[in-house]
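1. Quick one: sequence plus predicted model below, questions after.
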Amino acid sequence: MAARLKVLKGSRAGEAFDLLSDFFVGRDDDNHLQILDETCSRHHARFRWTEGRCVLSDLGSNNGTFVNGARVGEQVLRPGDQVLVGNTLIAYEESGATAVEERATVLVETPAVRVASACSVKDAPVPADAARAAERLRRLYEVSRALASLVEAPEIAARALEEVFDATRAERACVLALAPGEKEPTPLASRNRADAGPVSPAGAGAGAGAGAGAGAISRTILDRAREEGNSLLVADVRADRAFAGSPSLQRMVSGSVLCCPLVAAGATVGFLYAERPEPGFTRDDLEFATGVAQPTALALANARRLVACREELRELRRGARPETGLVGKSAAFVEVLRLAEKVADTPSTVLLQGETGTGKECVARFLHERSGRRERSFVALNCAALAESLLESELFGHEKGAFTGATERRRGTFELADGGTLFLDEVGEMSAALQAKLLRVLQERQFYPVGGTRTVTVDTRIVSATNRDLAREAREGRFRSDLFFRLGVVTLALPPMRERREDIPQLAYRALERAAHETKRPVKGISTPAMEALVRYGWPGNVRELMNVIERGVVLAEGTVLDLADLPIEFRRPPAAEPTPAPAQGPGDGAAGDEPAAEPEGFALRDAERVCVARALRKTGGKKGEAARLLGISWPTLNKKIVEYGL
């Protein structure tokens, strides 16, 4: 039996060589077949004729030797086998055997992609006629337009799959996504002729038995498509020797498989996979599917980038660095800044205590900006603004499927602030269960996301704030004492506005500049009567109230100067003696009959109410519950009055 090698493709295409003994192929001139190709090694492969058969051996080449698309080290060749050495395709023939063109790995060149399809040319159906080709071209144009308008990965996959499923008359098909660095793809969408329409695929992986509709996905074909970066068509899976070792394909009685890798910017982002019984897919089907795969890959890559951009934007918004807004020269305020400067560049936790509106978040940002963590995120979270279940998820994040609506994994504020600073405002409002979990994070720097089983380790500095007396809350059992000591390694008490009146003019002008800029009003100054009223006022809402009052005045002012008439009515009343707020005392502290000095006549109702609240607090030693009963009001109402009047 005579054997020969015929070059089908490459620089030596059309040449044929009789195979009588050892036959060497490589780049050096001492080979029987010299291939001047940089992808070919100096001594690449050897064909050896022995005992009536041909044995192919790879000689340790850099880029490998392939038989019918599969990389081999040594293999016995059969008539019709094709050997790829570099970019040269060689066919092995024997006299009396089937012509090589009848059984071949056909290379189909398209303008967009080199498509390698292992199929039988003789058995493959004839491609569609010109009318059908025009229709498919129109459909490619329409699906490309549709994919360009979609931004969610499942929608992109479903739209692409719909076109390929209908155009190729597939029995089963699916679109798989491959995340960066992952080896196992995950299903995005699938179709099956036995089903009514698109379905959400099961969470199975892409090995044998994974869901492609109702069938199995061949891992062998996926791996080959990923390695070569080419679309594949297997016309008859049971007859093709290249896939004889694939259990999932051999379970198919008959039929063909089509697989297109979704490649964008040189990276494989997924696969388009389809199966069909005889008579099978055509090369026309393969080219159409490849045409759909290209815009699908770009759309999926853009959707992935969009998700990453959204996450980055969320982090940037959380960690934006606005001006701290710390203004003042009073002794009490300067002392707070001095202590904050000393502890800023340390890992110690800081507890900020003060009334509402005293600028606790501004001090927290001051600590962050003057620490070594300034280049990382500053994340602020108000613990009183969320329900307990939502607060836990916001703090620690959650895993996909942890609860209804958890469609994807979400990082919590602890992870977002990793390496930076997490500011927990109103930490005194946290429930006992969350206090215990927060304590564990402070002690071990680890936590479990909601619904998760793996621990997450973070390096996050905690700065917390409260308008409560947490020391008293801890003594009376309403706040964990161990958590209090963990949070308050350093405690800073921010003075209220009434204790730093010399700072009011500077704060007022800073608020005026900001309000005039935001409202685009020409107000540039504050009249003397208006400033005197601002300094005289008690400011129960502190700096936050001052900013609101100034903005209101800027909006109402008719000239370039904010006048007394532009301020709320309480600023235009005659000054009244202010009762001294009661300190936090125990039941036995203070004089029993401690009454204020004689009250001036002409009190407004607001002033009288303030005096009554202050008197009740003094009489009960600062116990809010007893004071509320004495006044005949509820505890929450009393608490609001205390904040309103700065008591």
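-> Alright, I've got the coordinates. Residues are numbered from 1 along each chain as shown.
2. for the stretch 301-450 of the chain, what spans make up the strands?
-> For the stretch 301-450 of the chain, strands defined by DSSP state E, counting those that start in this stretch occupy the ranges 350-353, 378-382, 421-425, 446-447.
3. With just CA atoms, put the second one into CSV.
-> Presented in CSV, the C-alpha positions along strand 378-382 are these (Å, rounded to 0.1, in the frame of the first residue of the first chain):
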residue,chain,number,x,y,z
PHE,A,378,-14.4,57.4,53.4
VAL,A,379,-17.8,55.7,53.8
ALA,A,380,-20.6,57.3,55.9
LEU,A,381,-23.6,55.3,57.2
ASN,A,382,-26.4,56.6,59.4
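4. tell me what it is packed against?
-> With contacts taken as 3 or more CB pairs under 8 Å, 6 or more residues apart in numbering; DSSP states H and E, strand 378-382 sits against helix 283-318, helix 360-369, helix 413-416, strand 421-425. Placement of C-beta: from N, CA and C, glycine included.
5. Next, the angle from it to helix 360-369.
-> 160 degrees (axes from the mean of the first three to the mean of the last three CA atoms, to 10 degrees).
6. what helix or strand is Arg191 on?
-> If you go by DSSP states H and E, Arg191 is part of strand 186-192.
7. what distance separates that strand from the middle of the whole chain?
-> Its chain's average C-alpha position is 23 Å from that of strand 186-192, according to CA atoms, centre = their mean, to the nearest Å.
8. Listing partners with orientation, what would you give for the helix or strand harbouring Leu258?
-> In the assignment (DSSP H and E), Leu258 maps to strand 256-264. Sheet pairing of strand 256-264 (DSSP bridges) gives strand 232-234 (antiparallel), strand 267-276 (antiparallel).
9. where among these is the average confidence lowest?
-> With a mean of 82, strand 232-234 has the lowest mean pLDDT of the strands paired with strand 256-264.
10. For that strand, buried residues please.
-> Buried residues in strand 232-234, counted by 16 or more other CB atoms under 10 Å: 232-234.
11. of all those residues, which comes closest to Glu361?
-> For the buried residues of strand 232-234, the closest approach to Glu361 (CB to CB) belongs to Leu232, at 58.4 Å.
12. In space, what's closest to the closest one - neighbours in sequence excluded?
-> Nearest non-adjacent residue to Leu232, counting by CB to CB, 6 or more residues apart in numbering: Cys259, 4.9 Å away.
13. With Leu262 instead?
-> Here the residue nearest Leu262, using CB to CB, 6+ apart, is Ala297, at 3.7 Å.
14. on that earlier part again, between the buried residues of strand 232-234, which sits nearest Gly52?
-> Closest approach between the buried residues of strand 232-234 and Gly52, by CB to CB: Val234, at 30.1 Å.
15. Hmm, Thr220 and the closest one touching each other?
-> No: between Val234 and Thr220 there is no contact under CB atoms under 8 Å: 9.7 Å.
16. show me the contacts for Arg27.
-> Each residue near Arg27 by CB atoms under 8 Å, 6 or more residues apart in numbering is listed here: 34-37, 40-42, 44.
17. thinking again about what came up before, compare the strands of the stretch 301-450 of the chain and report which one is nearest to Ala402.
-> Nearest to Ala402 among these is strand 446-447; the distance by CB to CB comes to 13.9 Å.
18. List of residues touching the closest one?
-> 396, 414, 437, 440-441, 455-458.
19. dump the residue contacts of Arg445.
-> Arg445 touches 457-460, counting by CB under 8 Å, 6+ apart.
20. what about 6 Å?
-> Going by CB atoms under 6 Å, 6 or more residues apart in numbering, Arg445 touches 457-458.
21. where's it relative to Cys383, distance?
-> 20 Å (CB to CB, to the nearest Å).
22. how many neighbours does Ser431 have?
-> Residues near Ser431, counting by other CB atoms under 10 Å, number 14.
23. Test my guess that it contacts Leu390.
-> No: using CB atoms under 6 Å as the test, Ser431 is too far from Leu390 to be in contact (11.8 Å).
24. quick one on the thing from earlier: go through the helices and strands packed on strand 378-382 and find the least confident stretch.
-> helix 283-318 (a mean of 83).
25. on that earlier part again, go through the buried residues of strand 232-234 and say which is closest to Arg53.
-> Closest to Arg53 out of those is Val234 (26.1 Å), distances taken as CB to CB.
26. thinking that closest one is in contact with Cys259, fair?
-> No: between Val234 and Cys259 no contact is recorded; they are 8.4 Å apart, counting by CB under 6 Å.
27. so what's Asn382 closest to, chain neighbours aside?
-> Leaving aside its sequence neighbours, Asn382 sits nearest to Asp425 (CB to CB, 6+ apart; 4.6 Å).
28. That neighbour and Ala465 touch, don't they?
-> Yes: Asp425 lies in contact with Ala465 (CB under 6 Å); the separation is 5.0 Å.
29. more crowded one of these two?
-> Each of Asp425 and Ala465 has its neighbours counted (other CB under 10 Å); Ala465 has more, 27 against 21.
30. check contacts around that one.
-> 352, 360, 425.
31. residues in contact with the first one?
-> Going back to what we said before, that points to Leu352. Applying CB under 6 Å, 6+ apart to Leu352 gives the contacts 360, 363, 465, 492.
32. any chance of the buried residues of strand 232-234 in TSV, plus distance to Val164?
-> Formatted as TSV, the buried residues of strand 232-234 follow (distance: CB to CB, whole Å):
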residue	distance to Val164
Leu232	14
Leu233	13
Val234	16
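33. Tell me the one of the residues you listed nearest Tyr273?
-> Using CB to CB, those come closest to Tyr273 at Leu232, 9.9 Å.
34. Tell me how far that closest one lies from Ser218.
-> From Leu232 across to Ser218, the span is 10 Å (CB to CB).
35. do Pro568 as well
-> From Pro568 over to Ser218 (counting by CB to CB), the distance is 76 Å.
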